[in-house]
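S.K.: Structure, please.
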Amino acid sequence: MQSFRTELENPIVEKDIIELEQKIRLYREGKMSDDKFRSLRLARGVYGQRQQGVQMVRIKLPYGKMTLRQWKRISDISDEYSTGNLHLTTRQDIQIHFVSLERTPELWAKLELDDVTIREACGNTVRNITASDTAGIDPNEPFDVTPYADAAFRYFLRNPICQEMGRKFKMAFSSSTKDTALTFMHDVGVIPKIRVVDGKEVRGFKVLVGGGLGAQPYLAKTTFEFLEADQLVPYIESLLRVFDRHGERSSRHKARLKFLIQKIGIEEFERLAKEEYKALKVKTYPIDHAAWAETTPPAANPALPAFTIRDRKAFEAWKRTNTFEQKQAGFFGAYIRVPLGNISSTTSRSLIEKLEAVVADDVRVTVNQGLLLKYIRPEHLEYVFSVLEEHELQKGGFDSVADITACPGTDTCNLAISSSTGIAAALEDVIRDEFPDLIYNNDIKIKISGCMNSCGQHGLAHIGFHGSSLKSGGRVLPALQVLLGGGVLSDGEGRVSDKVLKVPSRKGPDVLRALLHNYEANAQKGELFNDYYDRNGEKYFYELLKPLADLTALSDGDFVDWGQAENYSTAIGVGECAGVMIDLIATLLFEAEEKLDWATQSFANNAWADGIYHSYACLIQTAKSILLDENVNCNTQHGIMNDFDKHFVETGKFPVEGTFRALVLQINQHEPTESFAKQYFQQAKAFFDRAQQYRAARQSAAANA
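M.R.: Residues are numbered from 1 along each chain as shown. Coordinates of the predicted model:
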């Protein structure tokens, strides 16, 4: 590989990209372990996919926003480095697939020319911060949450406290109590509130903590009914510091925040968070929302080309189901249904060119894999529809029964068990052909994932499916786990779907037919689906669907997954969404030394709090390396402190003044001042130097034994 250079103006970003290129070179030369390299590239948005030798690159779009220029940049990048497809995700990111590893630094550099990043889009970091796509134009919002979501994104990006956590950390900002950002299923979710104090309106948030989907869903717990807005970022920082220190690190299936809270209790978790307050970089973080740049509407009376609408009935359905009046009088928002979240770069560029005169320079990726166009004047709705019709994107029923959410599944993902995109397309065909009026039903949500991890959010669907497998006569066939009864309630409350039964994947369309026909025939007037489900109970639906789970009369087609030509076989790889453990002793010591270098760089910029956290990380990783060198496994940073005292300090093998725990936990007992930062750094460096000597002595003794 040739050495790579960028032409970026931001030296921090440039350093990041050059470092990725250098680490790729070291990895290719066999000078960096697989585990270490995997962790590094994941934190930079580069994710291994099911097909060997290529990568998925996840592009981080905070709260789903992209300008038209950014959208075009991403489209051009996909043409040059990928397949020309843009995949919109349920976390409001864009993914491009089949990228060569060696080309990722150059790809990243070109994205950054239009202020688009891939940093921390994967790995054990703060993932993309999502928000209601209507934020800023929502008629029901107390205030626009966009400035606050943006501030949180910028504050935690590259923040030392959240670069190497036990697992990922997800946040969401809803614009109103309708909770369209699904706050209840996030590590931290917030909903805007206003209180009147001394005659003045004060902005704040309802805060929910510890939610998550995956194989074991948990609903978030409310920690504040009202937290003043300028306290939000410091509070989140305190939570992240506790999660980093106390979160599980050995068993990644138990390493999310929800499991830590389940283990120690929400009261103890909150107590630990308060202990971090003194050490926070900032005690208050006000957002100048008045200075936030409002979205500029497009110019009035643009010169538009002649156009025709081929299907007037389809236009009326689209206008009814896909558009809404913004809180800004005289403007409409318009949703685009994007089948399976896949839109080509060619289509994207054409839409940009033809719509830029009539939409705002602010497009949002939605949590159900669509797009939202903003600030459309009512007289331009027909023109917008004609453009969408030209590109076969005119379908009505956005976020309706007919608008099914699905992850990529076995198309590209290592963890997928069976197809999600193939069955999603088949179910949409059923609704289009047999239940066409359901495009007007926004009550029922259908969501599909390729495995139990719920990237397609099946765990909160009214009707959900996740990929699985079954055995019959010694053969394996693709299957679907059917889930029912999940959904969003309001103001941070939600429902987790019940697992009802498992059926062959090819029976998925029949499952949907049976459910919808039964609901249409037997629901009471005005009864919503989940009310109908509750009234009848899980056993009723189990008996309804049980005949479809019968394995005694299978055909050869049942052993072929959707979209495939050959018989099904399970081929699950190693998932990378949560990162991996790095247990190599030499690598840990190398990382610890890196932390000292980063602390020195932070001090040069007067970033004392950042330097302190780097010193803390050096202490922890150094101790972990010494423990592992003597076969003492550690599963939390909190445990590392206790184990080091037990096995080394108390036995006199590696004495420190006082205890190692007391040495380390100075971090949350001092203000982040220059004097403490330098003192703590010197202590970390001295500890690291002694550890190097200790390990060298052990290696020498082993060599001479």
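
S.K.: can we go C-alpha only for contacts and neighbour counts from here?
M.R.: Fine.

S.K.: which stretches of the stretch 1-150 of the chain aren't confidently modelled?
M.R.: The stretch 1-150 of the chain contains residues with pLDDT under 70 at 1-8.

S.K.: Could you pull out the helices in it for me?
M.R.: Listed in chain order, the helices of the stretch 1-150 of the chain (DSSP state H, counting those that start in this stretch) span 11-28, 34-42, 68-81, 104-112, 146-156.

S.K.: Ser328 contacts Ile137, doesn't it?
M.R.: Ser isn't right for residue 328; it's Gln. Yes: if you go by C-alpha atoms under 8 Å, Gln328 and Ile137 touch, sitting 6.6 Å apart.

S.K.: So those two - more neighbours on which side?
M.R.: Using other C-alpha atoms under 10 Å as the criterion, Gln328 and Ile137 rank with Ile137 on top: 22 against 12.

S.K.: Give me the domain ranges for this structure.
M.R.: With domains defined by automatic domain parsing, the chain comprises 11-112, 138-291, 312-390, 405-559, 585-704.

S.K.: Arg119 is nearest to which of those?
M.R.: domain 11-112 (4.3 Å; C-alpha to C-alpha).

S.K.: just to revisit the earlier point, any chance of the domains of the chain in a markdown table with distance to Ala300 as columns?
M.R.: Below are the domains of the chain laid out as a markdown table (distance: least, C-alpha to C-alpha, whole Å):
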| stretch | distance to Ala300 |
| --- | --- |
| domain 11-112 | 18 |
| domain 138-291 | 22 |
| domain 312-390 | 8 |
| domain 405-559 | 32 |
| domain 585-704 | 47 |
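
S.K.: could you pull out the strands for the stretch 101-250 of the chain?
M.R.: Assigned by DSSP state E, counting those that start in this stretch, the strands in the stretch 101-250 of the chain fall at 130-131, 171-173, 188-197, 200-209, 221-228.

S.K.: Which strands or helices does the fourth one pack on?
M.R.: What that stands for is strand 200-209. Judged by 3 or more C-alpha pairs under 8 Å, 6 or more residues apart in numbering; DSSP states H and E, strand 200-209 is in contact with strand 188-197, strand 221-228.

S.K.: which of the residues in the first one are buried?
M.R.: Applying a neighbour-count criterion of 16 or more other C-alpha atoms under 10 Å, one finds 188-194 buried in strand 188-197.

S.K.: average pLDDT for it?
M.R.: When pLDDT is averaged over strand 188-197, the result is 97.

S.K.: now the last one
M.R.: Taken as a whole, strand 221-228 has an average pLDDT of 98.

S.K.: Just say which of the helices of the stretch 1-150 of the chain is most tucked in.
M.R.: helix 104-112 (a mean of 22; mean count of other C-alpha atoms under 10 Å).

S.K.: residues touching the residue lying closest to Leu232 once chain neighbours are set aside, list them.
M.R.: Using C-alpha to C-alpha, 6 or more residues apart in numbering and skipping residues adjacent in sequence, the residue nearest Leu232 is Tyr285, 7.4 Å away. If you count contacts by C-alpha atoms under 8 Å, 6 or more residues apart in numbering, Tyr285 has them with 230-234.

S.K.: Give me the distance between the two termini of stretch 59-78.
M.R.: End-to-end distance for stretch 59-78: 11 Å, by C-alpha to C-alpha, to the nearest Å.

S.K.: make that stretch 364-383, sorry
M.R.: Stretch 364-383 has an end-to-end distance of 20 Å (criterion: C-alpha to C-alpha).

S.K.: Out of the helices and strands packed on strand 200-209, the one nearest Lys354 is which?
M.R.: Lys354 lies closest to strand 188-197 among the helices and strands packed on strand 200-209, at 35.5 Å (C-alpha to C-alpha).

S.K.: And the contacts of the closest one?
M.R.: With contact meaning C-alpha under 8 Å, 6+ apart, strand 188-197 is reached by 141-143, 145, 170-177, 179, 182-183, 201-211, 220, 226, 236, 491-492.

S.K.: Parallel or antiparallel, which strands does that strand pair with?
M.R.: Here strand 188-197 is paired, per DSSP bridges, with strand 171-173 (parallel), strand 200-209 (antiparallel).

S.K.: any idea which of the ones you listed is most buried?
M.R.: Greatest average neighbour count among those goes to strand 171-173 (a mean of 28), per mean count of other C-alpha under 10 Å.

S.K.: Contacts for that one next, please.
M.R.: Strand 171-173 is contacted from outside by 126-132, 145, 149, 181-183, 186-191, using C-alpha under 8 Å, 6+ apart.

S.K.: for the helix or strand where Leu388 lies, packing partners?
M.R.: Per DSSP states H and E, Leu388 falls inside helix 381-390. Other elements packing on helix 381-390 under the criterion 3+ C-alpha pairs under 8 Å, 6+ apart are helix 312-322, helix 345-355.

S.K.: how does it look with 10 Å?
M.R.: helix 312-322, strand 332-336, helix 345-355 (3 or more C-alpha pairs under 10 Å, 6 or more residues apart in numbering; DSSP states H and E).
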